[in-house]
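S.K.: coords please:
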Amino acid sequence: MRWFTEGILRPGWIEVAQFAEPTEVDARRRYRETVAACLDYCGPDSYELALLRSGIATNHGQMPQRLRRLMTDLIDRRICAVTIATATLTEGVNLPFDMIFVTALKRSSFDAAARTQVTSPLSTSEFRNLAGRAGRPGAAEGVEGMTLVALPQAPAATAPAQVNKQRGQLASMNEDYQDMLDRLAAEAAPGAAVWSPLAVLLTLIAQHLHQQFGIQPGDEMLAWLAATYPENVTLTVGTGARTPDAQLADSLDELDAILLAAVEEVSRQMGAGIDGPAAEAFLRSVWNRSFAQVAAVQEAWLEQAFVHRGRSLVERIYPNAEQRRRLYQYGFAPTIGRRFEALAPLIRAELAAAADYGLEDGAARLARFVRLGELVRAQPGFGFQVRTTVGDQQILANWSDVLGWWMQAPGAIAPEPHALRAWQRFVGDNLDFRLGVALGAVVAEAWSAGAGGAPTPDLATWRQTTQLPWFGFWIRELLKWGTLDPFVAFCQAQGLADTRDAATRRRPEFDAFLRGQIAAPTADDFIDPQQFLAWQRQIPRADAAPAPAINLGAALVGTDGNRARYWVLPVTDPAGTTWYDAAGFALARTHGVAMQGDAYRSDFELLTVGPPRVERAFEWRAGRA
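M.R.: Here you go, the predicted structure:
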């Protein structure tokens, strides 16, 4: 992002990067909303904001969720024609990309245990997922997309030392490309092996058992699975260590997490506890319906290992049904969950003591989050983790400063543009995720224990069920939205304000409403979500006018019309509109009719009974989709 920001300001590039706001009303509103959110979460000097004002969207895993969604929407609406992104943008979304430019076929990650940066080739599935985002039917302009892989052909340097270095880099990049082609071809070959994640996990356990203890699949392996706790293998289980014994223990713990989830789900469906034989029968049926059974049918020991460990989980490893319920509720792998059990009462006590949060000032509110963070920060397995770089270590040492900035605490200092992503990474990895998961696990357990197996309590019964003040209800949302005020989080979530500052300015409206409803409101009343909803309901709303009907005569171009009804998508050009089906085939043409704005978001039908025509079945509108 920094390179692009600097590049578009260079002489000769300023004209190329010219960008004008959209003229269509809704598109302009959405663009300005994204600019406001970018200014709010990234700051006036950020690279993200500079690029956005030049019509270039950005997207990466450390970007706040709200801003990521807004950026994605600008791409989807074709407001921004260029996007600079990590691979996170390509996972599970259909966006109008005609071309994807891949700069490297390797990805870097941080090994927290080894404290080093790890570079590994992209998997074939990652590459397929990435390349498959170009030219998606109904999303991109064309019916075919293009994925380009950067392969420089000659050194750019002139100094001998740099030339030799770059020649080595060129050779490495070409090797990576050929390796990717070879792996893709091998997987496409007839009879190529297909593995499920579950089969991979079981095979990994078997390999470690053979390498470390000489144990082969069979009776000896089943006996080991029936009696071994992960911590019997090593006490470093759940800490991210990369030693062979730690990998074996972690793999066993992950298998236990899968089995525990299956056993607990069936127990809840039965409304009663489950014993060993019942667990075995259920897990055998689960295996028979799994992809692992289909993909590795020749490996009978895989099923035996899965079922045998599951029965032992109930009879020997975790025989206490109440403990299994708690461990499942926490959401951690079981060994980490047992460590977390010792900390959970301390977190719950801190949450329970926050009855005055609704009337506390910013410093007192921030202090509560700091105390909660300190409880979690150094815990193995679920505590804070950062890279070994000097910058990241400084962030960890001063993590409360990052917390204060993110939560908009009074007097907090913002990071410089070059440090913004590192701060965002810490927020995403440690505050929103690790701290948020730990706090959420305690609240979820309070919820589950209080409900006694009854259906999920609603807002009217939440406090009584959990025995917690409303601070416990809001805590994950506050970390997610980056605010100390639940009202601000509510306004952001409900679309009542574009920025945190705009939401803060609406607070007096709610306070006046609350005092009109309750003569002497308590601190908890000021952050009661039921009161927020009641305030929202009394805000006047202007109902939008009904959408005019669309009934367009059309000429069939790619179908004989025998099916009578087709769902279609519009693609407009200067001479009219072509109507495509979801597979990208042109079915009809309306000459001289141009669909405007976000028409492609609405639902259209091509009807061929009688004269062919296109009708709109549903009109998409901002905030209503």
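S.K.: Can you pull the phi/psi pair for the nearest residue to Thr499 once chain neighbours are set aside?
M.R.: With sequence-adjacent residues excluded and distances taken as CB to CB, 6 or more residues apart in numbering, Thr499 is closest to Asp40, at 4.2 Å. In short, each C-beta sits where N, CA and C put it, glycine included. Here is the backbone geometry of Asp40 (degrees, to the nearest 10): phi -60, psi -50.
S.K.: Also Arg565?
M.R.: Torsion angles, degrees, to the nearest 10, at Arg565: phi -140, psi 130.
S.K.: picking up where we left off before, tell me the confidence at the residue nearest to Thr499?
M.R.: We have a pLDDT of 94 for Asp40.
S.K.: Which secondary structure element of this structure has the lowest mean pLDDT?
M.R.: helix 291-295 (a mean of 68; mean pLDDT, DSSP states H and E).
S.K.: check contacts around Ala57.
M.R.: Contact analysis of Ala57 by CB atoms under 8 Å, 6 or more residues apart in numbering lists 51, 71, 74-75, 80, 82-85.
S.K.: change it to 10 Å
M.R.: 34, 48, 51, 70-75, 79-85, 89, 95 (CB atoms under 10 Å, 6 or more residues apart in numbering).
S.K.: State the phi and psi torsions of it.
M.R.: phi -80, psi 160.
S.K.: What segments of the stretch 301-450 of the chain are helices?
M.R.: 321-330, 334-352, 362-377, 390-397, 399-406, 420-426, 436-451 (DSSP state H, counting those that start in this stretch).
S.K.: and of those helices, who's closest to Thr58?
M.R.: Thr58 lies closest to helix 420-426 among the helices of the stretch 301-450 of the chain, at 10.3 Å (CB to CB).
S.K.: How far off centre is the closest one?
M.R.: Relative to its chain's centre, helix 420-426 lies at 16 Å (CA atoms, centre = their mean, to the nearest Å).
S.K.: and the helix or strand harbouring Leu260, average pLDDT?
M.R.: Leu260 belongs to helix 244-270 when assigned by DSSP states H and E. Averaged across helix 244-270, the pLDDT comes to 90.
S.K.: need the next SSE after it, C-terminal direction.
M.R.: Following helix 244-270 toward the C-terminus (DSSP H and E): helix 276-288.
S.K.: on that earlier part again, how close does the residue nearest to Thr499 get to Pro64?
M.R.: As for Asp40, its distance to Pro64 is 9 Å (criterion: CB to CB, to the nearest Å).
S.K.: Longest helix in the protein, please.
M.R.: Counting residues, the longest helix found in the chain (DSSP state H) is helix 160-188.
S.K.: what sits in contact with each of Asp40 and Pro64?
M.R.: The contact lists of Asp40 and Pro64 share Gly482, where a contact means CB under 10 Å, 6+ apart.
S.K.: helices and strands around the helix holding Leu260, which ones?
M.R.: The contact analysis (3 or more CB pairs under 10 Å, 6 or more residues apart in numbering; DSSP states H and E) places helix 244-270 against helix 197-213, helix 219-227, helix 230-233, helix 276-288, helix 300-312, helix 321-330, helix 334-352.
S.K.: Quick check: which of those helices is buried the most?
M.R.: Burial of these is given as mean neighbour count (mean count of other CB atoms under 10 Å); helix 300-312 ranks first at a mean of 21.
S.K.: Which elements pack onto that one?
M.R.: Helix 300-312 packs on helix 197-213, helix 219-227, helix 244-270, helix 276-288, helix 291-295, going by 3+ CB pairs under 10 Å, 6+ apart.
S.K.: Could I get those in TSV, plus columns for distance to Gln531?
M.R.: Below are these laid out as TSV (distance: least, CB to CB, whole Å):
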stretch	distance to Gln531
helix 197-213	45
helix 219-227	53
helix 244-270	33
helix 276-288	45
helix 291-295	48
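S.K.: Ok, which of the ones you listed comes nearest Val402?
M.R.: Closest to Val402 of the helices and strands packed on helix 300-312, according to CB to CB: helix 244-270, at 28.7 Å.
S.K.: How about the closest one, which residues are buried there?
M.R.: Residues 246-260, 262-264, 266-267 are the ones in helix 244-270 that count as buried (16 or more other CB atoms under 10 Å).
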